[in-house]
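Peer 1: this one's structure only:
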Ligand SMILES: Nc1nc(=O)c2c([nH]1)NC[C@@H]1CN(c3ccc(C(=O)N[C@@H](CCC(=O)O)C(=O)O)cc3)CN21
Ligand SMILES: CC(C)C(=O)C(=O)O
Ligand SMILES: [Mg+2]
């Protein structure tokens, strides 16, 4: 009835030239909001380590945290496809670990698929998961779990050699059975070439307008963090400002004794003798 999105829906959207929309969610409320608004894909990103847990990068995020947050997102989603990021060291250590950990995200948390970062080095993992019936979303370009190798959160694939490698790896991920690929922070022209050369959809973030879909961190488009504004983010509202204003008004109202008022308070049953109660009642235990 809710016409649920499947991986087949996304492939058909690419064939029709209809853009795929994706956003992150880490909690049930955000999941409900973006699902009801109509995105096709919700990613439980390991960016939660930075956005909701306050880490410097995504490396400390654990499987327990991913399972915990994915469960919440799944509970809040009726229509979208829910994909969970595999955290750092949950798949790089081998195909067996990849299978066990992806299996947990599917079986315990209820994800519809998983995402893992990397190209040639993760092809055995991708093949193994796909063989086990687990839809895999690839992720190339700026792969944040390699931040220390990349020397920071920097645009990738700017030179000929790197660009050729990314193009080749995108094809290899498609051949390994990935149902789509996230392209993060690569030149728009390269993302277009990759998108045109694949039958599976590309989902861009900082990868220009020619991808088959777009993804952003929900908190970024809502302007929740006053200090995080990379070039590829468009802020649709300044929630940082709006929330700060609301909280300041609350503080003022409490201090000025404007909150709570009578309508926001509860009354006793009509049968209670209020005079008696207000005077301390009958109890000898209560002081004066
Ligand atoms: N809130 C949030 N949004 C994200 O998009 C995001 C996360 N967190 N955490 C995980 C990764 C890290 N990401 C990032 C973080 C910083 C830049 C950044 O500062 N980029 C520079 C470009 C630097 C260059 O020119 O090479 C920029 O200005 O966009 C990019 C991606 C994307 N992901
Ligand atoms: C930014 C997206 C693609 C991601 O991997 C995340 O949110 O963790
Ligand atoms: Mg991620």
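Peer 2: Happy to help now that I have it. Predicted, not measured: the structure shown is a model, and the values here were computed from it. Ligands and ions are numbered 1, 2, ... in the order given.
Peer 1: can I see the domain layout of the chain?
Peer 2: 7-221, 242-278 (automatic domain parsing).
Peer 1: pLDDT of the last one, averaged?
Peer 2: By that I understand domain 242-278. For domain 242-278, the per-residue pLDDT values average out at 92.
Peer 1: quick one, phi psi at whatever residue of the stretch 1-150 of the chain ends up closest to ligand 2?
Peer 2: Ligand 2 sits closest to residue 45 of the stretch 1-150 of the chain, with a gap of 2.2 Å, by Cβ to the nearest ligand atom. In short, each C-beta sits where N, CA and C put it, glycine included. The phi/psi pair for residue 45 (degrees, to the nearest 10) reads phi -80, psi 150.
Peer 1: Report the secondary structure element holding residue 181.
Peer 2: strand 180-184 (DSSP states H and E).
Peer 1: Parallel or antiparallel, which strands does that strand pair with?
Peer 2: In the sheet containing strand 180-184, its partner strands are strand 136-141 (parallel), strand 202-205 (parallel), by DSSP bridges.
Peer 1: thinking again about what came up before, take the domains of the chain and lay them out in JSON lines including distance to ligand 1 and mean neighbour count.
Peer 2: As requested, the domains of the chain are exported to JSON lines (distance: least, Cβ to the nearest ligand atom, whole Å; neighbours: other Cβ atoms under 10 Å):
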{"stretch": "domain 7-221", "distance to ligand 1": "3", "mean neighbour count": "20"}
{"stretch": "domain 242-278", "distance to ligand 1": "16", "mean neighbour count": "10"}
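Peer 1: Check the residue nearest to residue 83 when sequence neighbours are not counted and give its pLDDT.
Peer 2: With Cβ to Cβ, 6 or more residues apart in numbering as the criterion, residue 83 has its nearest non-adjacent residue at 4.8 Å, and that residue is residue 113. pLDDT recorded at residue 113 is 98.
Peer 1: ok so, going back, who wins for proximity to ligand 3 among the domains of the chain?
Peer 2: Of all the domains of the chain, it is domain 7-221 that lies closest to ligand 3, at 4.3 Å by Cβ to the ion.
Peer 1: Now do the end-to-end distance for the closest one.
Peer 2: Using Cα to Cα, to the nearest Å, the end-to-end distance of domain 7-221 comes to 25 Å.
Peer 1: Helix or strand for residue 172, just tell me which one.
Peer 2: helix 160-176.
Peer 1: Give me the angle between that helix and strand 180-184.
Peer 2: 160 degrees (axes from the mean of the first three to the mean of the last three Cα atoms, to 10 degrees).
Peer 1: How far off centre is helix 160-176?
Peer 2: Chain-centre distance of helix 160-176: 25 Å, with Cα atoms, centre = their mean, to the nearest Å.
Peer 1: Likewise for stretch 15-26?
Peer 2: 13 Å.
Peer 1: before we move on, back to that, give me the contact list for the strand holding residue 181.
Peer 2: 7, 10, 20, 115, 137-144, 156, 170, 173-174, 191, 194-195, 198, 200-207, 211-213, 215 (Cβ atoms under 8 Å, 6 or more residues apart in numbering).
Peer 1: re earlier: need the strands paired with strand 180-184 in a markdown table with distance to residue 161 and mean pLDDT, can you?
Peer 2: Listed next are these as a markdown table, based on distance: least, Cβ to Cβ, whole Å; pLDDT from 0 to 100:
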| stretch | distance to residue 161 | mean pLDDT |
| --- | --- | --- |
| strand 136-141 | 15 | 99 |
| strand 202-205 | 21 | 99 |
